[in-house]
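Enquirer: structure of the sequence below:
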Amino acid sequence: MRKQIAAANWKMNCTLEQANELIDGLLKEKISVTHDREVVLAVPFPYLMLAKEKIKNTGGFKIAAQNCYTKTSGAFTGEVSATMLQSIGLDYVIIGHSERREIFGETNAMLAQKVDVCLAAGLAPIFCCGEPLSIREKETQNNFVEIQLKESLFHLKPEQIKNFVIAYEPIWAIGTGKTATSAQAQDMQAFIRRTIANKYGDAIADSISILYGGSVKANNATEIFGKPDVDGGLVGGASLVLAEFVSIIKSLK
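Expert: You can find the predicted model right below:
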């Protein structure tokens, strides 16, 4: 079975005190994380070392950064490089979240650069893709997502992309309370897997965990995660509510 992942994207939320309470509360639940399951906490930059220290003796928990820059070092005030993140022992970096694309203007070409610097630093990208409502309404979402994948990932060698996690996030379902139906999620995630298989072969496509992101909550996680091509979730707001996120973790296959 592919690795099943519950990834918490805290976004720009939590004070230091709140971050402490949330991670401590999660660890106190003593959730059993088997070898084919993983819990990833993507916390804001100031709390990465805190989170890394707290989970160091807890199997199955990993820490992710929410972003990195396209360069490894230099005069880029306020940016954080993949090399820096690697030096503190991180496992993952979220690349191409829709908020980075829409608010900060990140392009597919820029994300290809970010993917490259992550891999060069030995970090696994959680690569986000997905369509806005206007594209979904025109029923051209498959073509839209295919272009995102091809322009940002398809320059990679097979041995590079097999270390990826991909997160499909329909932009119209992020923070809106709307959720893609489990059938819509399955259809797109199966399409993503086929697109990767067409380029890299079935074995690599079948090994990549593809997460769903978009208003995942405790009351819909089991149904969504139950679909064959959905390997867990990239969870936003619900990951900041302890009971919700614990329930979502327990909903993994």
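Enquirer: what about G130, distance to K162?
Expert: 22 Å (C-beta to C-beta, to the nearest Å). In short, each C-beta sits where N, CA and C put it, glycine included.
Enquirer: neighbour count for those two, which is higher?
Expert: G130 (28 against 15; other C-beta atoms under 10 Å).
Enquirer: what sits closest to the more buried one if chain neighbours are left out?
Expert: Leaving out its chain neighbours, the residue that sits closest to G130 by C-beta to C-beta, 6 or more residues apart in numbering is E169, at 4.1 Å.
Enquirer: got the contact list for that neighbour?
Expert: H97, S98, C128, C129, G130, Y212, G213, G214, L234 (C-beta atoms under 8 Å, 6 or more residues apart in numbering).
Enquirer: redo that, cut-off 7 Å
Expert: Counting by C-beta atoms under 7 Å, 6 or more residues apart in numbering, E169 touches S98, C128, G130, G213, G214, L234.
Enquirer: what's the burial count for the second one?
Expert: Right, C128. When neighbours are counted by other C-beta under 10 Å, C128 comes out with 26.
Enquirer: on the strand side of things, show who it bridges to.
Expert: A167 (DSSP bridges).
Enquirer: can you pull the pLDDT of it?
Expert: The predicted structure scores C128 at 98 on the pLDDT scale.
Enquirer: from I171, how far off is it?
Expert: Going from C128 to I171 by C-beta to C-beta gives 10 Å.
Enquirer: mutual contacts of the two, please.
Expert: S98.
Enquirer: hang on, L22 packs against L242?
Expert: Yes - look at L22 against L242 with C-beta atoms under 7 Å: they come within range, at 6.4 Å.
Enquirer: who's more crowded, those two?
Expert: Per other C-beta under 10 Å, whichever of L22 and L242 has more neighbours is L22, with 23 against 16.
Enquirer: show me what the helix or strand that one falls within is packed up against.
Expert: L22 belongs to helix 16-28 when elements are defined using DSSP states H and E. Helices and strands touching helix 16-28, by 3 or more C-beta pairs under 7 Å, 6 or more residues apart in numbering; DSSP states H and E, are helix 48-54, helix 242-250.
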